[in-house]
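# with the input below, show me the fold.
(3 chains)
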Amino acid sequence: MKVGRQSWKFNNDVYIQETATAVGPMEAQGPLGQYFDKKYDNSYCGKKTWEQAESQLIRDAVEGVFSKTNLKEKDISVVFAGDLINQIVPTHYTFRDFNIPFFGVYGACSTSMESLLLSAVFVDSDQAKIAMAATSSHNMTAERQYRNPTEYGGPKPDCAQYTVTGAGVALVSHTASKIKIESATAGIIVDAGQNNPNDMGPAMAPAAAQTIKQHFEDLQIDENYYDLIVTGDLAKGGSPILIDILKGDGYNIKDIHDDCGKLIYGNDQPVFSGGSGCGCCAVVTYGFIKELLKTKKVKKVLIVATGALLNPIILQQKETIPCIAHAVALSVVE
Amino acid sequence: MKTKKYDKVIQKHEVKPKYGLNMLISFVFGGFVCLFGQFLIEIYVHWFGLVRDTASTLSIVSVILITSILTGFGVYDTFGQKAKAGAFIPISGFANSLTSAALEGKNEGIVLGIATNLFKLAGAVIVFSIVSAYVFGIIRYFLVEFNLVPQLEHVVYLMVNMVGLY
Amino acid sequence: MIFLKAFIVGGIICAIGQFILDYFKLTPAHVTCSFVVIGAALDVFGLYDRLIKFAGAGAQLPIMSFGHSVMHGAMEKSEQLGFIGIGMGMFNLTAVGITSAILFAFFTALIFKPKG
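Predicted coordinates for the structure are as follows:
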């Protein structure tokens, strides 16, 4: 049911039935390595090109949820899926092998929660029996497209981020499981006037703050409702800004805030200020946060995935970077 | 929503790059790359008996070759990240930009991938060097025509000597 | 002695490039383009030649010397052939640099695979 300006409250028992993740070498070697289902030791994932590798990651995650639940493609009512690449081709080339009603979505790095939100709305209103949300990103495909050739030696500043190589898939349905999707808030596009593509944290933080604030207002709750508020990829640059903006709005999330971009990599890995990419929030949520909920280490979590909606050409036209943040609230069933 | 109301908060958390440290790193690494180039020149002159001019040219070509090979092995990008400007200011940066762009296009074939993308990053450097050479060349040409060069050279050398560069 | 001068002059040029990159938040492409223009400008009065005599590879390896070589070749040819020589001589000194870079880049791309 729609509540307030931007949110939905799911009163009809919507659950995350199952999840699966597939990641590349850097993520497998990171502190959350044990929480991922399929791990590759090579960025090519056994394929000839990186775009095919990203497709393979999505395929692994999709087949992962099928094998964990014994479901088949005919059981899935609809899939919402996307990635970072032009025309979301890795996603399309994966799902051409599956005959599932398909909606492609693009929210840059917010795609994971955008697809999960849409899946939850469809299931809640019984427009779908089982909905699938799929997201991925790949470091090399993103570098090629948005920045420079992968072997290029030009130095990156410390505020840059490292795109995660990983894919995450979730199945949403009325089938009872330990993890309930309570509510969700869709973001509005927020352009805070930032124009540095190597420093996305400050550009995305205002969008995350707007979505979190609106979420609290729409559902008439405050920060004390949640044990953990996790952002997708604000990393070291954007997190302090988010905390500051919300403090100005009267919400103190300092002690319950963390970020997937900070969680997924260790301090010894060469990742600048942290992870980014839509795969970042997807694999951390569907791998690690899911375990935290299952083991009741946290009971109520708000996942806020943030995306920067730019491309290299428009930035060269002296434009600024508009961003968006989609939030989904998960809770453990007692 | 387009807004500037977050400017102050963002400004407050701005992390400035470490200017001094970065300059020092670039100085050391860049110096070593040039030192290596000089070393090659001396080898070509003393061991191979080449004229200094030829040795200089060969040294540049050698650095380009070594850079291309390192880029092919996938290690130059790590060096470039560590060495900062010390890696992309010397001619090795030019060679790396050509090789990395060519490597990137490998999957799209030889014509449309490798050959088309070769100058993706380095094209700008060549364009600017040609255009500026034309502009400055025409200026110098007219200075020579009107016999202004000796006087102006005198003024410029005076300025330079005052700065104590030489 | 020449080694020390090469090290110091090459290092200083790179350090200046790094500062421009950091302070003005430009890309390496912007910095290298500015440097080749400066290299060409410094050859109007033969200043860059003097730097090369002083520091050897320290002045010849940085990208500035590319702009200098283009300009130098243009000037040499224009002394022989007049105005038309400016265009004719530009690639004289830089030809081997550009051609070898293209050659090596092409064959490296044929042989190797990018590792990311």
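# please identify the buried residues of the biggest helix by length in chain B?
Ranked by residue count, the top helix of chain B under DSSP state H comes out as helix B:19-46. For helix B:19-46, the neighbour count (16 or more other C-beta atoms under 10 Å in any protein chain shown) marks B:22-23, B:25-38, B:40-42, B:44-45 as buried. The way it works is simple: take the backbone N, C-alpha and C, and place the C-beta from them, glycine included.
# likewise stretch A:214-231?
Across stretch A:214-231, burial judged by 16+ other C-beta under 10 Å covers A:214-219, A:223, A:225-231.
# return the subset of these lying in helices.
Those of those lying in helices (DSSP H): A:214-219.
# which one of the residues you listed is nearest chain B?
Closest approach between those and chain B, by C-beta to the nearest C-beta: residue A:214, at 11.2 Å.
# distance check, that closest one against residue A:315.
27 Å (C-beta to C-beta, to the nearest Å).
# burial check on residue A:106, number of neighbours?
Neighbour count of residue A:106, defined by other C-beta atoms under 10 Å in any protein chain shown: 18.
# in contact with it, which residues?
A:82, A:88 (C-beta atoms under 8 Å, 6 or more residues apart in numbering or on different chains).
# tell me where chain C has strands.
For chain C, no strands are identified by DSSP state E.
# middle-most residue in it, spatially?
By C-alpha atoms, centre = their mean, the mean C-alpha position of chain C lies nearest to residue C:66, the distance being 2.2 Å.
# tell me the confidence at that one?
pLDDT for residue C:66: 93.
# so it sits against residue C:93, correct?
No. Using C-beta atoms under 8 Å as the test, residue C:66 is too far from residue C:93 to be in contact (9.5 Å).
# shared neighbours, the two?
What both residue C:66 and residue C:93 touch, as defined by C-beta under 8 Å, 6+ apart, is an empty set.
# can you tell me which of the ones in helices among the buried residues of stretch A:214-231 is nearest chain C?
When these are compared against chain C (criterion: C-beta to the nearest C-beta), the nearest one is residue A:214, at 32.4 Å.
# how about that closest one: what's its closest non-neighbour residue?
Leaving out its chain neighbours, the residue that sits closest to residue A:214 by C-beta to C-beta, 6 or more residues apart in numbering or on different chains is residue A:6, at 4.9 Å.
# and the gap between the residue nearest to the spatial centre of chain B and chain C?
For chain B, the residue nearest the mean C-alpha position is residue B:89 (3.3 Å; C-alpha atoms, centre = their mean). Distance of residue B:89 to chain C, given as C-beta to the nearest C-beta, to the nearest Å: 4 Å.
# that residue and residue C:14 touch, don't they?
Yes. Applying C-beta under 8 Å as the test, residue B:89 and residue C:14 come out as touching, 4.5 Å apart.
# hey, what's in contact with both of these two?
Counting by C-beta under 8 Å, 6+ apart, the contacts common to residue B:89 and residue C:14 are B:26, B:30, C:62.
# tell me how chain A divides into domains.
According to automatic domain parsing, chain A comprises the domains A:2-173, A:182-332.
# may I see the buried residues of the helix or strand encompassing residue B:131?
Using DSSP states H and E, residue B:131 sits within helix B:123-145. Under the neighbour-count criterion of 16+ other C-beta under 10 Å, helix B:123-145 has B:124-126, B:128-130, B:132-134, B:136-137, B:140-141, B:143 buried.
# dump those residues to CSV, plus distance to chain C and pLDDT.
CSV is the format used below for the buried residues of helix B:123-145 (distance: C-beta to the nearest C-beta, whole Å; pLDDT from 0 to 100):
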residue, distance to chain C, pLDDT
B:124, 5, 94
B:125, 5, 94
B:126, 7, 94
B:128, 4, 95
B:129, 4, 93
B:130, 6, 94
B:132, 4, 94
B:133, 4, 93
B:134, 7, 93
B:136, 5, 93
B:137, 4, 91
B:140, 5, 89
B:141, 6, 87
B:143, 8, 85
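# about what we covered before: counting by contacts, list what the helix or strand following the helix holding residue B:131 packs against.
Of the helices and strands lying after helix B:123-145 in sequence (DSSP H and E), the nearest is helix B:149-163. Applying 3 or more C-beta pairs under 8 Å, 6 or more residues apart in numbering or on different chains; DSSP states H and E, one finds that helix B:149-163 contacts helix B:123-145.
# now for the residue nearest to residue A:214: which residues touch it?
A:185-188, A:211, A:214-215, A:218.
# which of the residues you listed sits closest to residue B:64?
residue A:187 (48.4 Å; C-beta to C-beta).
# report the contact partners of the closest one.
The contact partners of residue A:187, taken as C-beta under 8 Å, 6+ apart, are A:6, A:110, A:207, A:210-211, A:324-327.
# pick the one among those residues closest to chain B.
In terms of C-beta to the nearest C-beta, no member of these lies closer to chain B than residue A:210, at 7.2 Å.
# in a helix, the closest one, correct?
Yes. Assessed by DSSP: H, G, I helix; E, B strand; the rest coil, residue A:210 belongs to a helix.
# give me the element the closest residue to chain A within chain B is part of.
Taking C-beta to the nearest C-beta, chain A has its nearest neighbour within chain B at residue B:80, 2.3 Å off. Assigned by DSSP H and E, residue B:80 belongs to helix B:76-83.
# hang on, the earlier thing: count of neighbours near the closest residue to the residue of chain B closest to chain A other than its chain neighbours?
Spatially, and ignoring its direct neighbours in sequence, residue B:80 is nearest to residue A:153 (2.3 Å; C-beta to C-beta, 6+ apart). Residue A:153: 29 surrounding residues under other C-beta under 10 Å.
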